[in-house]
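Asker: Curious how this folds, go ahead:
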Amino acid sequence: LALDENERKNKLILVTGSYDKSIIVWKGKHNKKKHNRALSANYYGSQQALELSLVYQKTKHDSEINCVDISIEKGVIVVGTKTGSVYMYNSSKGDRLWSTTIK
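Answerer: Got it, this is the predicted structure:
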């Protein structure tokens, strides 16, 4: 799970990784009103609802996802798998930029 926010651009992106070899990229926005479909969380010390919508999903990684990280500023998502593969994606379009395996 990785979360990054750019307050100047009012942009929030959440990335989830899973044992099913996939990542899902979500865009989000804060809403002080609570919704049934929103993720409600204590976010930076204040109770807020976080509305999420699916941006894209990437599947077919070589094994379970162990870690994910995102940088909105750099425009990249980095994914690490159980077998040592590392993937880098464009955060907005999902294009693979680079990959390697660390043994």
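Asker: Give me the residue at the spatial middle of this structure.
Answerer: Centroid check for the chain by C-alpha atoms, centre = their mean gives residue 15 as the closest residue, at 1.3 Å.
Asker: isn't that one right next to residue 68, touching?
Answerer: Yes: counting by C-beta atoms under 8 Å, residue 15 touches residue 68, with 4.7 Å between them. Just so you know, the C-beta spots here come from the backbone N, C-alpha and C atoms, and that holds for glycine as well.
Asker: Need the overlap of contacts for the two.
Answerer: Common contacts of residue 15 and residue 68, defined by C-beta atoms under 8 Å, 6 or more residues apart in numbering, comprise 1-2, 23, 77.
Asker: can you pick the most crowded of these?
Answerer: Within these, neighbour counts (other C-beta atoms under 10 Å) peak at residue 77, which reaches 26 neighbours.
Asker: Who does the strand or helix carrying that residue pair with, and is each partner parallel or antiparallel?
Answerer: Residue 77 belongs to strand 76-81 when assigned by DSSP states H and E. If you go by DSSP bridges, strand 76-81 pairs up with strand 65-71 (antiparallel), strand 85-90 (antiparallel).
Asker: for the residue nearest to the centre of the chain, what are its contacts?
Answerer: Contacts of residue 15 by C-beta under 8 Å, 6+ apart are 1-3, 23-26, 68-70, 77.
Asker: between whichever strand or helix holds it and strand 65-71, how big is the angle?
Answerer: Using DSSP H and E, the element containing residue 15 is strand 11-17. Angle, strand 11-17 to strand 65-71, by axes from the mean of the first three to the mean of the last three C-alpha atoms, to 10 degrees: 170 degrees.
Asker: pLDDT (mean, whole number) over the helix or strand following strand 11-17?
Answerer: Using DSSP H and E, the helix or strand that follows strand 11-17 in sequence is strand 23-31. If you average the pLDDT over strand 23-31, you get 86.
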